[in-house]
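A.B. asks: Return atomic coordinates for the entry below.
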Amino acid sequence: MSLFERYLSLWVALCIVAGLVLGNLLPGLFAALAALEYASVNLVVAVLIWAMVYPMMVAVDLGSLKSVGQRPKGLVITVVINWLIKPFTMAALGVLFFQHVFAGWIAPTDAQEYIAGLILLGAAPCTAMVFVWSQMTKGDANYTLVQVSLNDLIMVAAFAPIVAFLLGVTDIEVPWATLVLSTVLYVVIPLALGAITRSWLLARGGSGAVSGFIARIKPASVLGLLLTVVLLFGFQGQVILDRPALIALLAVPIILQSYGIFALGYGWAYLWRLPHKIAAPCALIGTSNFFELAVAVAIGLFGLNSGAALVTVVGVLVEVPVMLTLVAFANRTRGSFPE
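C.D. replies: Residues are numbered from 1 along each chain as shown. Got it, this is the predicted structure:
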């Protein structure tokens, strides 16, 4: 595993290339895999995310969750950035780039759809993958769970009004099936399985048994990440190769938003002197996106082949490489935070 962790960015790059190549060589296979979905949630990707999230959930000590409220600063940062800052900065970047900076290359009607796609991404904070990023930075598993759960509760009430306000419409139909199913698949089920596994291991061998088990199954987590990258780039391989210049333009505001939101959250956590195991996941939660929800709403509002749907897909493709660079930065700066 040390080899995988040391060169993880290289493996991800190779998986991106593999996904693009395989997606174009075997379009029928990837079309069949993409069709295995329910409520816009791809079931194959869901299984791979389970593989990534499950080790993190085994590390969660449910009995200690009650003490998280004694450290509210991380929760404050998460809520403020995700719901009072991120959606609005993403909308502002969309207007800046697609109505001004890139106006000479993009038709006004297309620009409006691209802005809408960015708004949908900005208003949907991450649910599942954040557990992976937290684990990679040795984050506090219990605190990360509470942060994600709080975001999910706020999302139920705040997602539609924020998106409606920013899009200037009032009849947005939130795909509740996608929202509920994703939460159950990516949080509830892995958490339940992790709790059962942890209880069984503690009964058999104490905390040492838990640590040993997590170490043994950790390769499955990395393998799940790599296979997810292959699938995501395989699903969209033809689009990327057919319109590389447009993909690059769409990626610019997404990348700027990701690094900017991370800098804000990480810097805020540093000024508040939060321990690194809370500061790193706190910043990463605001940076990553709930792409299943964003894609589903974009398709429902604007159509499968719309510019808005394309932007949300680009967000998926950009996220993993960007998040890996931020994970690496967080790990290198661990010493700047209190223990």
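
A.B. asks: Can you check what pLDDT the model gives Ala103?
C.D. replies: Looking at Ala103, its pLDDT is 86.

A.B. asks: Likewise for Gly237?
C.D. replies: At Gly237, pLDDT is 75.

A.B. asks: I figured it hits Val17, correct?
C.D. replies: No. Using CB atoms under 8 Å, Gly237 is not in contact with Val17, being 10.2 Å away. C-beta: built from backbone N, CA, C; applies to glycine.

A.B. asks: So between these two, which is more surrounded?
C.D. replies: Neighbour comparison, Gly237 and Val17: the larger count goes to Gly237, with 21 against 12 (by other CB atoms under 10 Å).

A.B. asks: From Gly19, how far out is that one?
C.D. replies: Look at Gly237 and Gly19: by CB to CB, to the nearest Å, they are 6 Å apart.

A.B. asks: looking at it, His276 is touching Leu284, isn't it?
C.D. replies: No. Checked against CB under 8 Å, the pair His276 and Leu284 is beyond contact range at 11.9 Å.

A.B. asks: who touches both of these two?
C.D. replies: Counting by CB atoms under 8 Å, 6 or more residues apart in numbering, the contacts common to His276 and Leu284 are Thr137, Ala330.

A.B. asks: Those two: who's more crowded?
C.D. replies: Leu284 (28 against 23).

A.B. asks: Quick one: the strands in the chain, in order.
C.D. replies: 37-38, 41-42 (DSSP state E).

A.B. asks: and the first one, which strands flank it?
C.D. replies: In the sheet containing strand 37-38, the strands it pairs with under DSSP bridges are strand 41-42 (antiparallel).

A.B. asks: and Ser134, what is it in contact with?
C.D. replies: Met56, Asp140, Ala141, Thr144, Ala280, Pro281, Leu284.

A.B. asks: Go through the residues you listed and name the one nearest Phe290.
C.D. replies: Nearest to Phe290 out of the contacts of Ser134 is Leu284 (CB to CB; 13.5 Å).

A.B. asks: Does the closest one touch Val327 like I think?
C.D. replies: Yes. Contact criterion CB under 8 Å: Leu284 and Val327 qualify, at 7.3 Å.

A.B. asks: ok, now how distant is Gly168 from Phe290?
C.D. replies: According to CB to CB, Gly168 and Phe290 sit 22 Å apart.

A.B. asks: Gly19 too?
C.D. replies: 21 Å.

A.B. asks: Distance of Ile285 relative to Met136?
C.D. replies: Distance from Ile285 to Met136, by CB to CB: 13 Å.

A.B. asks: of these two, who's got more company?
C.D. replies: Taking neighbours as other CB under 10 Å, Ile285 and Met136 compare with Ile285 leading, 29 against 24.
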